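Trainee: Sequence first, predicted model second:
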Amino acid sequence: MDAQRSGWLMKRISRFLGYLILILTSLVLIAPVFFMVVSSFKVDAEYLSFPIRIFPKIAQWQNYKLVFTMTPFAKIALRTALLAISTATITAFVSSMVGYAFARYNVPGSKRLFGIVVAMLIVPFIVILIPQFILYSKLKLTNTYWPWILGALGGSPFYIFMFRQFFLGFPKELEDAAEVDGCGPFGIYWRIFLPNAKPVFATVMIFATNSVWGDYLTPLLYLSNSKTLLGVALTTAFRNPQGIEIKTVTLAASVLYIVPLIITFFLAQKHILKGVVTSGLKG
Amino acid sequence: MTKQISKKLSRRDVLKLSGTVVGGVLLAGCGPAATEAPVEKPVEAPVEKPTEAPVAEAPVAKPVEGNVVIMHRGNELNQDQIAAFQDANPGITIEFVEDDPTRFYAMYAAGSPPDIYRIQAPSVPGMLARKLLLDLTPYFESSEIIKIDDLAPANNYYKANSPLEIGSGKIYGMAKDFSPDCTVFANKTLFEAAGLPVPDDTKALTYAEIMEYSKKLTVFDGDRLMQYGYGYEGAWIDRFWMNMLAETDKSLFSAGYDKVNIAGSEDAKAVVKWYYDMAAEKLTVSPKNPSPSGWFGNDYVGATLGMAQYGYWFSAMATGDLNKDGAMMLPAPTWAGVRRDPTVTATGAIVTSATQVPDAAWKVFEWYHGGQPSIDRAGSGWGVPAMMSQWSLIPQTTDFQKQAYKVLQGELALNTTPLQFNPFIGELTISSLWGKYLDQALAGTITFDDMIAGIESETNSAIKDGIDRIMG
Amino acid sequence: MATETLTPQSIYGQVKKAGLTRSQKRTLTFYTLVLPWIIGFIFLSVFPLVVGLLTSFTNYDGLNLETIKFVGTRNYARAFDDADVSFSLMRTVLWGLLNLPLWLVVSFTLALILNQDVRGRGIFRTIFYLPSLIPATAAITAWRIILERNFGMLNNFISLFTPEPIAIGWLSDYSLQGMTGVALWGGLGSGMIIFLAGLQGIPDELKEAARIDGANGLQVFRHITLPLMTPVIFFQLVLGLIGAFQQLNLPLLFTRVGIASASVPPRPIYLYMIHTWSQIMDQGRYGYGTALLWMLFIGILILTGIVFWSEKYWVYTGATEEGGK
């Protein structure tokens, strides 16, 4: 009886502490976002001058109007979204398949090959920046979206590694049962591993989409301005005639930039977490 | 059970995949964006008509055609202007690429550098030494729009007989507009509050006076810096040094430009010491004492800065709510009492020697620097037009604009020889070293002399590398 | 490499005909599955890698293609005379030591809490991931309001508890700490979401079974959750290590303001990549910069190798062991 009550109390306290941590962390994490949003309504000179005001003197809605007049923002955003989602989908499928192979097949050469995958993660991007441009330029693929698509078709070392790690943790019984049912290797990947990797898959989709959505360097190098993507527009478009960033307009554009991402994430995160790995586990 | 779930999932995933892949392919096949800009007829530049009849030269027989790749900045050349040009010049298309050094290197390495490239004056000698520039003299000589006589003196930065003889000779490019970069913007209100007399805008301050004023204009609240005296563009530090030394015909470099000379020159040392003292006394921004808003221009507009050293272009944005009654422009200060043309940037463009479409590239170049875009720029107040005939378009509406215009006239009349920049190092070589060593000197980990020795030895090593590369 | 031109169908046809052994069959299957990556690697990466390596033996500066020449190992030798190489390396190690454990522990803790049945967890997850979505340029603009020395919000907040208003230079003298805050803020989301995905993969049955056997919460964590999470922790450790040593953007953003397109970050965050970047962009030493990068590559490779070597001692794999203990 006594033990039960103290257990109940402990649970209550730990619950309370959990919420306290969550709420405090949320406040700390949101503070910069808050400043970003309120500053997006300020005049540029007002953004950080003494005496500092938290809220703008007069809300500058025109910052948001400028986002659309200084650049074809909506058009660029749509273009970027299409490219981001397609490359993310391709890279997620390819990487999951390759990652599955690395997790489950310990054959001659597989370790060495995986070593190359990891090494590719470590190669500093600056080293291959210019040669890669030369390569695509000789293939006449600069100023097209092919560098993204081709890159995705080969899978990404980061996601291959990630899938491998998650698949390593999958219980052996999963594929044993499938093999008994007569599944081939690709069938096991497609019917067992992939569906059960839904949380990772969704995570990779989020990462890969976000990385194209926000990428600055690749579109800067490969595309001309009429085809450019959001990351470049965000960093180069909102400038005064002298070329100096109008910070508050960039902030307004950034607010618009993250809204679709927040909505997508909020909807996606539920799916990430409907893991199905448990069903069919009990042998 | 498991199989059912996974089957359902995979089918949905397949659908998702096929849908998006098709989307991707479609996207990849996209052509260039349609031009929907309102078509504006390019107006001819108001170039004064020569009294004589136009040169009796046979007009070019075949129309100029080609795809011109221009690497520039979106805020200086926009899509509407490009569309207007393409409408007026069928046969020429413009591919606009955002300005970025890495991309320039990459395009150059791939054998296809942009035809037109935006640069600043200090890059001209280095690019010329690397044979990257196309001689545009014949084009300038036969141009109906840009007259050589009409070019403002700042364009001399784009003229050269050799990399070490900048200032006259062949014409390799021109400024889009320029500013006397060392002029000073003072905030009268802060001067009055500090008990200082409002400066006389007909006289150039000395750098010594600037330091005195800065001491009075700098306000602390405990450890906190609430207001500071003087702001300057850190990336231009070597240009300032060169300009200050040029007042007494001294140079920052040795005669052959193969060495930088600070420690061995009392004059150069004194110039550097002035900047060091300003930073050490927190009268100006430094790595230890960064600008509150992140950029001293905004500090000035936000009335936390007494004096901002910037070119005439800054007058277009110098007034805001917080300093609206205080803004005034002053002549460029002097180091040794001799006034010099304080233009050290002269942003413009060149045509690369590797261009396959020189005629088309010139058309675009000529239009950008002498056509409608230049007229638009001239009237905007964001810089002095590169052609003197457009100076009448400079805005003079508000009292501040009138005051700035008056000071500007004095600076433009100086007309001294341009600075000879070092062809063997980059635009940022010295300024980045200054930032790195100043930080350590202010922290006390090295002395002032160590700082100079460090800047000097690293710059000399960069010059040595540069010579090695250029000479092959 | 031989499988390059083969399609899965043709391989399986051959397999049937030849009647391969089980292990040969597995080898073929493996290479078929990783084929897209191998093709991508050969066609898209090998050439850039080779050229990138050759660059490090030249006096390339980005523009001197006509007069470029090989300088042997001079660029590599130069690194040992460059005092800023060792200085920046030490700063980078310090940065990693400060940043990596903090990031791992905090994001894992948050993931653990959010893996529970917490009310509004969708909203919390979104809030925690939010910073990862914010573009870096905007993030640093917003953070400046907080970290600014003279009237920034953080110093104002701390000053509520001090007799005198304080002025800590979070963007200058204490930029290492300031940058750690920004990095943690921006990195928690992706750290958390990867851990969450891993936690979601742990079968509830295993935990329930353990509880029925009388294990308390801590014991379940210690004996079920933690071991099953080791592959994910391993992944995060490797990635975090690589990321810490290659940190370039944040210090650049801490300084890159106004017209000055390249300026040098304050000494505390003068990291290895910054020194490299400055050598390439400011000093025009592309060849030397690439040599520095290859040296960094070797260094990280060795460190990662050590982590991988340790894998067998602490990382759980379902393929070689029994699933539930």
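Mentor: Received the coordinates, thanks.

Trainee: where exactly do the helices run in chain A?
Mentor: Taking DSSP state H, the helices of chain A run over residues A:2-39, A:62-70, A:73-104, A:110-122, A:125-138, A:146-153, A:157-168, A:172-180, A:185-187, A:194-196, A:198-214, A:217-222, A:230-236, A:247-272.

Trainee: Report the angle between the fifth one and helix A:110-122.
Mentor: On the basis of axes from the mean of the first three to the mean of the last three C-alpha atoms, to 10 degrees, helix A:125-138 is oriented at 90 degrees to helix A:110-122.

Trainee: next one: the longest one
Mentor: Between the axis of helix A:2-39 and that of helix A:110-122 there is an angle of 50 degrees, by the same axes, to 10 degrees.

Trainee: do helix A:2-39 and chain B meet at all?
Mentor: No: residues of helix A:2-39 contacting chain B under C-beta under 8 Å from any C-beta of the partner chain: none, with a closest distance of 11.3 Å. C-beta coordinates here come from the backbone N, C-alpha and C atoms, glycine included.

Trainee: can you pull the buried residues of that helix?
Mentor: A:22, A:25-26, A:29, A:31-33, A:35-39 (16 or more other C-beta atoms under 10 Å in any protein chain shown).

Trainee: And for the fifth one?
Mentor: In terms of neighbour count (16+ other C-beta under 10 Å), helix A:125-138 has its buried residues at A:126-137.

Trainee: what's the angle between that helix and helix A:146-153?
Mentor: Going by the same axes, to 10 degrees, helix A:125-138 makes 120 degrees with helix A:146-153.

Trainee: Check what contacts helix A:125-138 and list those residues.
Mentor: Under the criterion C-beta atoms under 8 Å, 6 or more residues apart in numbering or on different chains, residues A:142, A:146-147, A:217, A:221-222, B:102-103, B:105-107, B:109-112, C:44-45, C:47-53, C:55-56, C:276-277, C:280, C:289-290, C:293-294, C:297 lie in contact with helix A:125-138.

Trainee: And those, which of them are buried?
Mentor: Buried among the contacts of helix A:125-138 by 16+ other C-beta under 10 Å: A:142, A:146-147, A:217, A:221-222, B:102-103, B:105-107, B:109-110, B:112, C:44-45, C:47-49, C:51-53, C:55-56, C:276-277, C:280, C:289-290, C:293-294, C:297.

Trainee: Just the ones of those in helices?
Mentor: Among the buried ones among the contacts of helix A:125-138, DSSP H puts A:146-147, A:217, A:221-222, B:102-103, B:105-107, B:109, C:47-49, C:51-53, C:55, C:276-277, C:280, C:289-290, C:293-294, C:297 in helices.

Trainee: Could you export the buried residues of helix A:125-138 to CSV, including columns for pLDDT?
Mentor: Shown next, in CSV, are these (pLDDT from 0 to 100):
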residue, pLDDT
A:126, 93
A:127, 94
A:128, 94
A:129, 93
A:130, 95
A:131, 96
A:132, 96
A:133, 96
A:134, 96
A:135, 96
A:136, 96
A:137, 95
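
Trainee: Pick the one among those closest to residue C:155.
Mentor: Taking C-beta to C-beta as the measure, residue C:155 lies nearest residue A:126 of the buried residues of helix A:125-138, at 35.5 Å.

Trainee: close enough to count as contact, residue B:442 and residue B:280?
Mentor: Yes: with contact defined as C-beta atoms under 8 Å, residue B:442 counts as touching residue B:280 (6.1 Å).

Trainee: Looking at the two, which one has more neighbours?
Mentor: residue B:442 (20 against 17; other C-beta atoms under 10 Å in any protein chain shown).

Trainee: rank the helices of chain A by pLDDT, which is bottom?
Mentor: Among the helices of chain A, helix A:172-180 has the lowest mean pLDDT, at a mean of 79.

Trainee: how about that helix, does it get close to chain C?
Mentor: Yes: counting by C-beta under 8 Å from any C-beta, chain C is contacted by helix A:172-180 at A:172-174.

Trainee: got the buried residues for that helix?
Mentor: Within helix A:172-180, the residues scored as buried using 16+ other C-beta under 10 Å are A:173-175, A:177-178.

Trainee: before we move on, what about stretch C:64-75?
Mentor: Buried residues in stretch C:64-75, counting neighbours by 16+ other C-beta under 10 Å, are found at C:64, C:68, C:71, C:75.

Trainee: same question, stretch A:85-103
Mentor: Buried residues in stretch A:85-103 (16+ other C-beta under 10 Å): A:85-103.

Trainee: restrict those residues to contacts with chain B.
Mentor: Restricting the buried residues of stretch A:85-103 to those adjacent to chain B (criterion: C-beta under 8 Å from any C-beta) gives A:85-87, A:89-90, A:93.

Trainee: on that earlier part again, report the set of residues contacting both of residue B:442 and residue B:280.
Mentor: Shared contacts of residue B:442 and residue B:280 (C-beta under 8 Å, 6+ apart): none.

Trainee: Contact partners for the residue of chain A found nearest chain C?
Mentor: Closest residue of chain A to chain C, C-beta to the nearest C-beta: residue A:154 (1.8 Å). For residue A:154, the contact set (C-beta under 8 Å, 6+ apart) comprises A:94, C:36-37, C:39-41, C:43-44.

Trainee: any idea how far the residue nearest to it when sequence neighbours are not counted lies from residue C:46?
Mentor: Distances taken as C-beta to C-beta, 6 or more residues apart in numbering or on different chains put residue C:40 closest to residue A:154, at 1.8 Å, once the chain neighbours are dropped. Noted for residue C:40: a distance of 10 Å to residue C:46, by C-beta to C-beta, to the nearest Å.

Trainee: next one: residue C:316
Mentor: Distance of residue C:316 to residue C:46, computed by C-beta to C-beta: 34 Å.

Trainee: Pick out whichever of those two has more residues nearby.
Mentor: Comparing residue C:316 with residue C:46 by neighbour count (other C-beta under 10 Å), the higher total belongs to residue C:316, at 20 against 11.

Trainee: Run a quick neighbour tally on residue 209.
Mentor: Let's take chain A. For residue A:209, the count of nearby residues is 25 (other C-beta under 10 Å).

Trainee: wrong chain, I was asking about chain C
Mentor: Residue C:209: 16 surrounding residues under other C-beta under 10 Å.

Trainee: Please name the nearest non-neighbouring residue to residue C:61.
Mentor: With sequence-adjacent residues excluded and distances taken as C-beta to C-beta, 6+ apart, residue C:61 is closest to residue C:284, at 4.2 Å.
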